[in-house]
Each structure stands twice: as C-alpha cells, then as structure tokens.
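Peer 1: I would like the atomic coordinates for the input below:
(2 chains)
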Amino acid sequence: MCSFWSLLAPRLVLIVGALGLVAASAAAQPDSLRRQFEAANEAYAEGRYEQAVETYRTLLNGGHASAALYHNLGNAYVRLDRTGPAVWAYEKARHLRPDDPRLRHNLEYVRRRAGLPEVGLPPRGLAAVVAGWSPLLLFLGGVLLLSAGLVAAILRADADQYVAWRLPIAWGPIAAGLLLVVTALATSSLQAQDRRAVVMDETVSLRASPDQAAAADSTLTGGTMVEVRTSQSSWRRVRLGNGTVGWLPETALGEI
Amino acid sequence: MLSTALVGTVWAQPDATVRVTAGADPMEAAVGETVVFTVRVEGAPATVVRTPSRPTTVNLTPQARAPQMQRFRMNEDGTVRRGVAFSWSFRPQREGTARIQPITVVVRGEEYTTDPVRIQVSSSRRGSEPTLTHPEGASGATLDNEDLFVQATATADRAYQGEQVVVEYRLFYRPGIRLRHSRLADSWDAPGFWREELNVASRPTPQMERADGQKYETVVLKRVALFPTRPGTLRVDPLRIETEAQGTVRLRRDGPALRGRFEPVRLASQRLSVDVRALPSGAPPSFDGAVGQFSMSARANADSVAVGEPVSLTVQVRGTGNLTTLSPPSLDLPSTIEAYQPAVETDVERNGREIRGTKTFAYTLVPRTGGRHALPPVSFSYFDPETGQYETVRAEASPLRVSGTASRATAGRTGDGLPVGDVTDLMTAGEADWGPTERRPLHRQPWVYFALLLPVLIAGGGLAYRRRGQTAEPTDSPASDASLDTAQAQLREARRLGDGADAAVYDTVEQALQAFLNERLGRNGAASTRSQLDRRLARYDVPEALRDRLYELLDRCDEGKYAPTASAQSAPEELVDDAHAVLRWLDEHLPSAKRPPGRS
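Peer 2: Numbers count the residues shown, from 1 in each chain, chains lettered A, B, ... in the order given. Here you go, the predicted structure:
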C-alpha cells in the first residue's frame, strides 16, 4: 500500500502544480477585467451610456463574459432606449445565471415598456423539459456515482473475485451514474438545438423567403424573441411565438 | 331645390298584383357622395320575398354587403298593399357615369329582374339645397321643403389642413307643424376629416328664426368639428332624417286652420364641401401638426431632489384646435436626465360651438447625476390659420438641483428589493464570475469523454491496490502461522479421541482440514462444492496430486462420519498421519498472511 501511494504521490504533485499555474493565470486575469468593468460601470453612473456600452462590448469582444457584464450592458441599452439589444443582453445573462431575480425583473420591465410579451418565448417539447437543467452538474454527479459503484464493487469482492458486480451497493450506483451521464449529454444536446434569438433592430420585416425582395409577411419590433430553425447564407428561418414562420436577415438577430 | 325621387321602372311582371321597382337617390351625384339604391317590392309581404344579392356596379363602391330592409303598407285606391324595400349604399368613385347592373328578386318563386340604373357622377357639387321627399306611393302629401327642411352650415368652406371647421345641421319647420318618430335615415360620413362631435341638447327648445322672409322654429340636430387630414376638396355627407310631420289645412281661405294627418317625409340637408389647402412651408422644427390657437405652460413638481428620485414635469397645452391629435412636445434633455414617455390626459370642452380644451403631458424625469441641471425650455409650435403663420411658444421650468452622487435611490422598491418602474442597479465587479464568451455545449467538450475514464482509472487503481495487498510483504521464513498450528492441534486432539471407529475422530480431522483451507483461501466458512474448492486450489498452483490426496482424505472423513463400515474405515492413526502430511504439503502451496504461495 505504501508503494502504491509512493507511486501516486509524485503524479499528484505534478497535477497540483499544473492546477496551481492555471489558477494563478486565472487569478491574474480578473484584475484587468475588473478595472475595465469598473470603468464601464463608472461611465454608466455618470450617464455616459454610449461609452459604457462600448467598454462592456470591448470586454465581450476580448472573449470574456459574465452574467454581471451582460446585466450591466442590458442596463446601458435600456438607458439608450434600445430595446432589442437590452433584451438580448439580459437573456444572455440569464443563460449564465438562470435564477437571478434581477435579470427576470429587468427583462419583464423592458418587455412591458416595449409592449412585448413578458414571458419571451418559452421552449417547446423536450427542450421545455430540460430547460434550466445543468448538464455539467448532472455529468459530474454521474461520474461520481460511477466511481463510487466501481470502488464498492472492487472493495467488497471476495478473495476469489476481482469485482463483485452483483452486490447492490455496486450495481446500484453504477446504473444511476450511467443514467446521469447519458441524461447530461442528452440535456446538453437538446439545449444546444434549442436556438433562440432576439430581434436587435428597431423593426425588421419577416419575409416569406430568404430574399430582400420577398414579400414581407409582418414587421417585428426590437426585442421580439424568435426560435431559429435553419440557416441559409446570411438569412435565418425563424419561428415566432404564435407559430408564424419566416425569414430574417442574420444581421437583424442576436443569438442567445 | 334638387328634386330627388325614387326613379321607378316596371318590368315584365309574372304576377300582376306584384310590382317591383328599382331606383337610385340621387341620380346625379358627386364623387364621394352616398348614393342609395332601393328595390321596392309592392303587393307581397316580406315573408314571400327572398332577400336579393347586392347588385354588381360600375364606378361605385359598396358601403355594406347586406341590404337595409324595410317593410311598408300603402293605400292604393282604397286597397291596402303590403311591400318590402331593400336598400344598398354606394359611393361614386370618379367622374362620369356610374352603373348599377340589373338585379333579380324572387317573389313566391317567380323571378323579377330590373333594368340597369345609370347615375351621372360629377367631380364636385356644391351649393345644393335641402330636400324633402315623400315615400313612394304616399298620397295626399301637403308638406313641401318650404314647410320644413334641414339646413347644413359650415364655419368655413376653405380651410388649412388640420384647421377646425364646425359643421352644424339645423332642422327648420314652420310654426304649428308637429313632428314625431324622427330618426336618422342613413349613415353620415365626412371622408378625409378627423371628426370630433360637439354636444347638442337631446331635448332642444325650438328657437324662432327667419329664413327667406319666413318665420321658422329651429333646433340643432348635430354639430361636429371637422379637421381635414389632407389637402384637396373634401366633401361632407348630407344629413338625412326620416320623420312624420303634421301640418295644418284650411278648408276655406279665411277658415280656421285644422290639423292635417301625419305625413312620413324624408329630409336631407344640402351637401357641403371644403377646399383644403396644405400648410405653408417653413414650419419650425418643433412643429408636429398642431393647427389652431394654443398657449403652453410647464411646471416641475420639485426643484430639488436626490439622484435617482423622479421629478414630474407637467407640460400643459390649451387652446382651440386639433387637441386630440396633438403629439407630446419633445424635450431636449441632457443625457444625465432620463425622461420616460409622458402620461397624456386630454380634457376637451364639447359643449361650446367649437372644440377647445387642455392637453396635459406629464413627463417623469430621473436625474442620474448630482448637481444643478438647467432644464431646457419646452418648445411647442403650431400653425395659426387666422394669421396664416407658424407660431412657437416656449415654457421654461425652474432649474433642478440634484443632491447626492450617481448611486441612485429608486423611487420605490418591491419586497424583494427590486426597483419599481426601473431596471435594477448595476452589478459590481465582485459579482462577476468571468468565463469565456463562447461556451461550447457539454457534449461537444472533449474533456467530458476523458472524464468518463476517471471511474475506470479508479477501478483499476483499486484492483491494483487489492492485488498488491494480497501479494505484499514476501518472506523467506517457512515458519507456520496460527492456522497451521491450530489445525495440527486439532489433529493431535483427534488422535487422542481413540480408535478409528469413532465418528468424532473423522469429524475433528475434517474440521481441522476445512478450517485450515478457509483460513488460507480467505473463505468465509460457507460450504462450497468440490469443484469450487478445486478451482481455488488450482489458482494457487496446488499440484494435482496434493489436491487428489486432500479430496481422498476428505472423502474418507465423510464415509467415516456418515457410512461407517469396517472395510471402509482406516486406522485413526493412519488417518491423522495422512492429515498431518496433507496439511504440511498444503502449507507449502497455500499463502498464509505472511507468506506468498509457492515460496518455501
């Protein structure tokens, strides 16, 4: 047993060291992010909303995102009376932090002010079932149960057995773990297929075909939520909450 | 006075008692006026007449799909005849000739078809006169349009776009004429105008007036303010009413005036038209369509507030003109003050002879920074049709002193601490949990599939640990452990038990062997079959000869216990010696806690 740990110990040291390096670089990153974020907040507080939006956008373009960043960006858009981008930003934030009451409140407020439905566009079918589930938590739980079941199967085996599969304490956690892992991957896939977007422009025409010259079926206002079905070059085939289907230019949409 | 009558035509009549006539009123009309096409069926009750379909037309726009139906009775040569009339309203579209195509009416299964009706359409008609008509077939009419008529007057026949023009309809009737059962005979419209009704008395007191040298009693039937929405010649429908009027008759020239009978009459005012001019160019930037005479005031409900505290700025526009359609005056506020869409309240006075009143715009302003904010003056421009010029009025509110810093305090909060009527405060940097912008879904992240190897690795590690535990700490010492000592002690005890006929000897020997095997093979004492025991011994590389000798020994014990026969029994001494020998041999091959198998 001692030799087993003596074999494992150097590897653990290596792993912990590598994690330390990663953590150190991650810890160094937020310092510059924090400064920019606070500068944007300051611009907002002083009523320089355009500048605040620009700074928040710079952070996003740098590949950094957080629910707080999207929330504050949404606030700045609200002050600039740009409903579409505001709804988009709040929805993005809610994607990262689904249970934050402030995001729900702000979305309701913006939508009510713009005369939009307050519930947005609820998911349908299986996507509605897995809405709000965390694939990561499901997956980690599954892996943990799988590991526990295998360890139990090995430790509780008789001397003449390698693995005691038939013990309930072994196959129970293993079966539950496998189920959780499969559920996590299926949830992730379903959530990825459920593509939502927000109309960013003040108004945009929903066209019958992906062509600027096609007949305009109706006009959508900024902040309207749509379900993205398919793509064709720079056009997206979308479905509205009332079931209407049509084409919108990609540039008029902000995917969530 | 224009003579209007239902122009009747008579066609092939399958039934001589039934007469079907059709006609239009008027036969000459202007573009946009209403033309009423009526089909009368006399000599048949309504129950046997199938409602005809609307006739097809040329240069006429129908106003409704279904006809208006009216039953009537008429006295003809002392005979009462029943009938029914169907009416449709149309509007001529353009100057020229309009045409109503033949229409077929089915009465008691017989078809009656009319001739087409042509209507002359002029581009405009003005200066027409009020009319009085009697229903078709009415006999003995004593009243004409000098006895009673409806007069339409407008405050102007030329106006600017958006300017208020008040049209009034008054009923004139000779003193002594009685009226009853009065009602509107047709819909009234004024295409191209925004309309605001003015109040008139529901039970008016007749006023005495002179018209064309004659004395009349008069009441106001309708008063409406019209606001032209586009330039051009816009027309106003005549007001049509139906009533029953009772006049007086004199049997002799100087005889007493006697009451006549009530006669059904149809009155129509003259048509009006208004020439509408477009507003002149040069409108100021703050002009948004207001036409009339207006004044304005602005007032804030506070001049000193804290940052984030709402201030109500009330802008009030009062005057005469198109108040209802006025847009909110735009506020040119600095970005440090946030303005919300105003609450609008319109208070229109409709009891006068024109539309006047007040429109109030209540803006909610929220200062976002502290300091002294000078609110820019509110500008409002309108076009004054009397002077023919644009006017701009300005109202200034006192400066706003805002205390505090940019951390806003909202006007109200819910029980959860969320602001009422606003978005929540900014999230701080401490609340930001940074991550990448593009987050791939879990099932597309490679580490997930590597992570699935973790349980396998853990299992492998556990197996290795266990295996290592079983083979750990090798020793060269052949020293026996406690299990061997215990078994040998049990064999010595068996030797002391006596001769070989005693089943207890066999039992003790078997127990000694089984206890040794259990200890060395890690068995839990549960009974196992010979084949299971053989597999385990083979796994420890126990030679086949030894295994056969062990099984023979165990078989001999079983026989000695359960089937004791003299021939089958061996001497106890020999049995115990054999057991000692097997035990020692097994001890060399089976691992003890201190010794691996195969070592000696």
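Peer 1: helices along the chain, start to end?
Peer 2: As the question left the chain open, I've gone with chain A. A:2-45, A:49-61, A:67-79, A:83-96, A:101-114, A:125-129, A:135-155, A:168-193 (DSSP state H).
Peer 1: try again with chain B
Peer 2: Going by DSSP H, chain B shows helices at B:446-451, B:453-471, B:482-496, B:503-521, B:530-539, B:544-562, B:572-589.
Peer 1: format those helices as CSV; extra columns: distance to chain A.
Peer 2: Where C-beta positions appear, they are placed from N, C-alpha and C, glycine not excepted. Putting the helices of chain B into CSV (distance: least, C-beta to the nearest C-beta, whole Å) gives the following:
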stretch, distance to chain A
helix B:446-451, 6
helix B:453-471, 4
helix B:482-496, 14
helix B:503-521, 7
helix B:530-539, 6
helix B:544-562, 16
helix B:572-589, 16
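Peer 1: now the weakest link among these, please, by mean pLDDT.
Peer 2: Looking at these, the lowest mean pLDDT belongs to helix B:453-471 (a mean of 79).
Peer 1: how does chain B divide up, domain by domain?
Peer 2: B:19-122, B:131-276, B:284-403, B:482-589 (automatic domain parsing).
Peer 1: of the ones you listed, which is nearest A:Arg34?
Peer 2: domain B:284-403 (23.1 Å; C-beta to C-beta).
Peer 1: indicate which one of the helices of chain A is closest to B:Val31.
Peer 2: helix A:101-114 (42.9 Å).
Peer 1: contacts for that closest one, please.
Peer 2: The contact list for helix A:101-114 (C-beta atoms under 8 Å, 6 or more residues apart in numbering or on different chains) reads A:67, A:71, A:74-75, A:78, A:83, A:86-87, A:90-91, A:93-94, A:97, A:116-118, A:120, A:221-223, B:416, B:418-419, B:421-424, B:427.
Peer 1: now, of these, which are buried?
Peer 2: Buried members of the contacts of helix A:101-114, counted by 16 or more other C-beta atoms under 10 Å in any protein chain shown: A:67, A:71, A:74-75, A:78, A:83, A:86-87, A:90-91, A:93-94, A:97, A:116, A:120, A:222-223, B:418-419, B:422-424, B:427.
Peer 1: where does pLDDT dip in chain A?
Peer 2: A:1-30, A:118, A:158-161 (pLDDT under 70).
Peer 1: need the longest strand for it.
Peer 2: In chain A, assigned by DSSP state E, the strand with the most residues is strand A:225-232.
Peer 1: report the angle between it and helix A:101-114.
Peer 2: With axes from the mean of the first three to the mean of the last three C-alpha atoms, to 10 degrees as the basis, strand A:225-232 and helix A:101-114 are set at 90 degrees to each other.
Peer 1: can you get me a residue count around the closest residue to A:Leu146 other than its chain neighbours?
Peer 2: Of all residues not flanking A:Leu146 in the chain, A:Gly177 sits nearest, at 3.4 Å (C-beta to C-beta, 6 or more residues apart in numbering or on different chains). Other residues lying near A:Gly177 total 21 when counted by other C-beta atoms under 10 Å in any protein chain shown.
Peer 1: A:Gly177 against B:Leu452, yeah?
Peer 2: No - taking contacts as C-beta atoms under 8 Å, A:Gly177 lies outside contact range of B:Leu452: 10.1 Å.
Peer 1: and for those two, which residues touch both?
Peer 2: By C-beta under 8 Å, 6+ apart, the residues touching both A:Gly177 and B:Leu452 are A:Val143.
Peer 1: quick one: contacts for A:Trp88?
Peer 2: A:Gly74, A:Val198, A:Met200, A:Gly254, A:Ile256.
Peer 1: mind checking how far it is from chain B?
Peer 2: 14 Å (C-beta to the nearest C-beta, to the nearest Å).
Peer 1: correct me if wrong: B:Glu441 contacts A:Pro135.
Peer 2: In this structure residue B:441 is Pro, not Glu. Yes - with contact defined as C-beta under 8 Å, B:Pro441 counts as touching A:Pro135 (7.4 Å).
Peer 1: what about the two, which has more around it?
Peer 2: A:Pro135 (23 against 16).
Peer 1: shouldn't the more buried one be in contact with A:Ala192?
Peer 2: No - A:Pro135 is beyond contact range of A:Ala192, at 9.5 Å (criterion: C-beta under 8 Å).
Peer 1: and the closest residue to A:Phe37 other than its chain neighbours, what does it touch?
Peer 2: Leaving aside its sequence neighbours, A:Phe37 sits nearest to B:Ala429 (C-beta to C-beta, 6+ apart; 5.0 Å). B:Ala429 sits next to A:Arg34, A:Phe37, A:Glu38, A:Asn41, A:Ala68 when contact means C-beta under 8 Å, 6+ apart.
Peer 1: just confirm the fourth one contacts B:Asp425, I think it does.
Peer 2: No - taking contacts as C-beta under 8 Å, A:Asn41 lies outside contact range of B:Asp425: 10.0 Å.
Peer 1: more neighbours: which of these two?
Peer 2: Between A:Asn41 and B:Asp425, counted using other C-beta under 10 Å, the more crowded position is A:Asn41 (22 against 19).
Peer 1: show me what contacts that one?
Peer 2: A:Asn41 neighbours (C-beta under 8 Å, 6+ apart): A:Ala52, A:Asn72, B:Leu426, B:Thr428, B:Ala429.
Peer 1: swap in A:Leu220?
Peer 2: By C-beta under 8 Å, 6+ apart, the neighbours of A:Leu220 are A:Val199, A:Thr203, A:Val204, A:Ser205, A:Leu206, A:Val226, A:Leu240, A:Leu248.
Peer 1: swap in B:Arg81?
Peer 2: Residues near B:Arg81 by C-beta under 8 Å, 6+ apart: B:Glu42, B:Gly43, B:Arg73, B:Met74, B:Asn75.
Peer 1: could you rerun that using 7 Å?
Peer 2: B:Glu42, B:Gly43, B:Met74 (C-beta atoms under 7 Å, 6 or more residues apart in numbering or on different chains).
Peer 1: run a quick neighbour tally on the last one.
Peer 2: Other residues lying near B:Met74 total 17 when counted by other C-beta under 10 Å.
Peer 1: report the beta-bridge partners for it.
Peer 2: B:Arg81 (DSSP bridges).
Peer 1: tell me how far B:Val423 lies from B:Pro116.
Peer 2: Applying C-beta to C-beta, to the nearest Å, the value for B:Val423 to B:Pro116 is 68 Å.
Peer 1: returning to what we had before: what is in contact with B:Pro441 and A:Pro135 at once?
Peer 2: Residues within reach of B:Pro441 and of A:Pro135 at once, by C-beta under 7 Å, 6+ apart, are A:Ser188.
Peer 1: that older thread, and the longest strand of chain A, what does it pack onto?
Peer 2: Under the contact definition 3 or more C-beta pairs under 7 Å, 6 or more residues apart in numbering or on different chains; DSSP states H and E, strand A:225-232 sits against strand A:196-199, strand A:235-239.
Peer 1: many thanks, have a good one.
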